[in-house]
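**Q** coordinates only, sequence not included:
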């Protein structure tokens, strides 16, 4: 296993929360800069069952990229493999030019890749503050933990109000705020969100998407897996459509939203 990067040398993603505007992702790639995330030929298996088949994608610094597809298409497997939860059988994953495929999840997190898992996965018997403090245990995040906590509370005032409350007693929307906040405590440069609106009331779904937009405006790159295809494509700079573990379409979010194949398969139009 490769050693975790030196925290003193890690990019200050907490500062990214303070930035005003996201970089122009498309222009960055056109100028030949290395993408923040580059996935090439990724194949993943669960035993003998193939979940991903030669998936390739890229994401630039400050860009929102959506991954859409039906249940079982491989979306969560992709997120989990990038995050180090699953090991690929073949293919490469590079983050900031560094090969991270097959590294343990805590090493990937400390490199700057944050993940908000499906179902939130908070610690219900711990307080809101304790959950957030766990997110800052990464070497890259410890030095700025107090300042990052203030930034998270500024983004989610309700978490500040409920800092001493057990996380399991929060509403579904508040638990999603906590899951995102805990991810941000690790000072990621890339935030991967897996079905962030799942199980939430429509008004809370709008709030989740507004939060993603605010994170983007503050300079963070976002990789979004979301059941609400229309909303995610409206939000995304670019998107990939997965079917049976393979990328079958890619393009600007707005272009895919107008694509007849996408509209028929995922929007019921």
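**A** It's in. What you see is a predicted model; the values in this text were computed from it and never measured. Numbering: from 1, shown residues only.
**Q** List the buried residues of stretch 152-164.
**A** Using 16 or more other C-beta atoms under 10 Å as the test for burial, stretch 152-164 gives 152, 153, 155, 156, 159, 160, 162. Quick note: C-beta positions are derived from backbone N, CA and C, even for glycine.
**Q** and if you look at stretch 123-134?
**A** For stretch 123-134, by 16+ other C-beta under 10 Å, it's 127, 128, 129, 131, 132.
**Q** so of those, which ones are in helices?
**A** Counting by DSSP state H, the part of the buried residues of stretch 123-134 found in helices is 128, 129, 131, 132.
**Q** Isn't residue 173 up against residue 204?
**A** Yes. With contact defined as C-beta atoms under 8 Å, residue 173 reaches residue 204; the gap is 3.9 Å.
**Q** Give me the distance between the two termini of stretch 97-114.
**A** 17 Å (C-alpha to C-alpha, to the nearest Å).
**Q** now stretch 216-233
**A** Taking C-alpha to C-alpha, the first and last residues of stretch 216-233 lie 15 Å apart.
**Q** Tell me which residues of it come out buried.
**A** Quick answer for stretch 216-233 (16+ other C-beta under 10 Å): 216, 218-233.
**Q** Please report how far residue 198 lies from residue 259.
**A** 24 Å (C-beta to C-beta, to the nearest Å).
**Q** give me every residue that touches residue 80.
**A** Residue 80 makes contact with residue 86, according to C-beta atoms under 8 Å, 6 or more residues apart in numbering.
**Q** Among the buried residues of stretch 216-233, which lie within strands?
**A** Secondary structure from DSSP state E places 221, 222, 223, 224, 225 of these in strands.
**Q** count of neighbours near the residue nearest to the first one when sequence neighbours are not counted?
**A** I take that to be residue 221. Spatially, and ignoring its direct neighbours in sequence, residue 221 is nearest to residue 190 (4.5 Å; C-beta to C-beta, 6 or more residues apart in numbering). For residue 190, the count of nearby residues is 25 (other C-beta atoms under 10 Å).
**Q** when you give positions from now on, start the count at 47
**A** All set: I'll call the first residue 47, so the last point we hit is now residue 236.
**Q** Can you report phi and psi for residue 236?
**A** phi -120, psi 130 (degrees, to the nearest 10).
**Q** Hmm, it is touching residue 83, no?
**A** Yes. Counting by C-beta under 8 Å, residue 236 touches residue 83, with 6.1 Å between them.
**Q** what's the overlap in contacts for these two?
**A** With C-beta under 8 Å, 6+ apart, residue 236 and residue 83 have common neighbours 105, 141, 159, 267, 269.
**Q** Sweet, I'm off.
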